[in-house]
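Peer 1: Starting from these lines, generate the structure:
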Amino acid sequence: MELINWHRLFGLLLTDFFTGSPYVVELEKDLSIKKQLLDVVVVRKTEGEFDEALPDGLENLTTHNLITFKSHHESLDDWALKELTGHYVNYRKQVSPSFDSLLPESEFRLYAVCSRQPHSLMAEVELQPVSDGVYDCRRGTDTIRIVVMRELPEAENNAFLHLLSASVSRVAYGTAHYRQHSPETSTLVKQLFVGYKKEGLSLPYTMADFKHDVALEHIGELTLEERLKGLTPEQRLAGMPPEQRLAGMPPDQRLAGMPPEQRLAGLSPDEIEELFKRVRQSAPDGGPKRKRK
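Peer 2: Numbers count the residues shown, from 1 in each chain. Okay, the predicted model is just below:
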C-alpha cells in the first residue's frame, strides 16, 4: 500500500514544470460515466514556444499528450498500455467536435512513465530503444513512448523525473537540480522526503539541504529587510572591513570586541608609548608596572 499519492505528485510536478508555458496539465481526467481516471493529460492551450529543455522522452509533445504513470510500487505491463490506448480512444471522442468529425490522430501522443524497468512488459512485447531510459512500443498503428526514470541520464532537464524515481542517487540529483517554477513546489518536495523516509529510503541530500538551496536560489527576490531578518547587529556587520563596521556602530561600541592590533592600527611607536603612559596615569593604582630585569 502506497504511503503517498505518487500519481498525484507526478501530475503536480508536471503542472509546476509547465507553469507559464503554452501547455496546461489536467489531473485525473474523468473519461467515462463509470469513473476511470487517466493519470495526466498535457494539453497545448495557446501558441508560443516552450523555452526550456523538456525531459528525455517528452521532447516530441503535440497538442494532446496522454500519460500513464507507474511509481516504484507498480509495474508497467501490457494491460497498463491497453488501458492507456482505451483512454486515448475515449478522450479523442470527447475533445473532438463530434464522433463523425474526430480530431486528427497527429494531434495525440501516448506516453508511459515508470520508475523502474518494465521487465514483464519487455518479456511480452518488443521495445525499441530511443535513448538512455527512453523506448518506443508499437501497438498497431500507434506508438507509445515509454520513459524509465531510473535509466535517464542525470541531467537538469530530467531533474523532476528523478525526484520520483525512488533511486537514492537520482532523487538526490533531482532535489539538488530541479528549478521550481512556483513556491508551492517546495511543499511537494517536502512530501517526497517524508514519503521516502517512511518507506526507508535513506537520502544523502536532506530536507535541510533542500531548504538551503531553495533559499539561495530565491535570495535575490527578497527585500533587504527580509534578508537581514533575525540577524543580530554583530552578525549583520560580520565580514565587513573594520572601517565599515565602525561606521555602522554607536561611538561607545566601536572599539568593543576589536583585537588590540586593530585598535592600534595606524599609530606610530611613539604614539603608542604616549597612549600607554596616559592609561597608566589614569588607572586608580597607577597602572601595571613593568618588571625590572
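Peer 1: so where's this protein uncertain?
Peer 2: Residues of the chain meeting the criterion pLDDT under 70: 1-3, 32-34, 202-266, 283-293.
Peer 1: And the residue nearest the centre of it?
Peer 2: Most central in the chain under C-alpha atoms, centre = their mean is residue 178, positioned 3.4 Å from the mean C-alpha point.
Peer 1: Just list the residues touching that one, thanks.
Peer 2: 156, 159, 160, 162, 163, 189 (C-beta atoms under 8 Å, 6 or more residues apart in numbering). In short, each C-beta sits where N, CA and C put it, glycine included.
Peer 1: Could you rerun that using 6 Å?
Peer 2: Taking C-beta atoms under 6 Å, 6 or more residues apart in numbering as the criterion, residue 178 is in contact with 159, 160.
Peer 1: Look up phi and psi at it.
Peer 2: phi -70, psi 130 (degrees, to the nearest 10).
Peer 1: From residue 70, how far off is it?
Peer 2: 21 Å (C-beta to C-beta, to the nearest Å).
Peer 1: With residue 119 instead?
Peer 2: For residue 119 relative to residue 70 (C-beta to C-beta), the value is 12 Å.
Peer 1: So which of those two has more stuff around it?
Peer 2: Between residue 119 and residue 70, counted using other C-beta atoms under 10 Å, the more crowded position is residue 70 (22 against 10).
Peer 1: what's the more buried one in contact with, if anything?
Peer 2: 76, 114 are the contacts of residue 70 under C-beta under 6 Å, 6+ apart.
Peer 1: If we use 10 Å, what do you get?
Peer 2: Each residue near residue 70 by C-beta atoms under 10 Å, 6 or more residues apart in numbering is listed here: 6-7, 10, 39, 76-77, 80, 112-116, 118, 148-149.
Peer 1: same deal with residue 135?
Peer 2: Counting by C-beta under 10 Å, 6+ apart, the residues that residue 135 touches are 57, 112, 117-118, 121-122, 126-129, 144-148, 151.
Peer 1: same thing but at 7 Å, please
Peer 2: By C-beta atoms under 7 Å, 6 or more residues apart in numbering, the residues touching residue 135 are 127, 128, 129, 146.
Peer 1: what's across from the residue nearest to the third one when sequence neighbours are not counted in the sheet?
Peer 2: The reference is to residue 129. Among residues not flanking residue 129 along the chain, residue 135 sits closest, at 5.8 Å (C-beta to C-beta, 6 or more residues apart in numbering). For residue 135, the beta-bridge partners are residue 129, residue 146 (DSSP bridges).
Peer 1: Distance of residue 135 relative to residue 65?
Peer 2: For residue 135, the distance to residue 65 - C-beta to C-beta - is 17 Å.
Peer 1: Secondary structure of residue 69: a strand, I assume?
Peer 2: Yes. Counting by DSSP: H, G, I helix; E, B strand; the rest coil, residue 69 is found in a strand.
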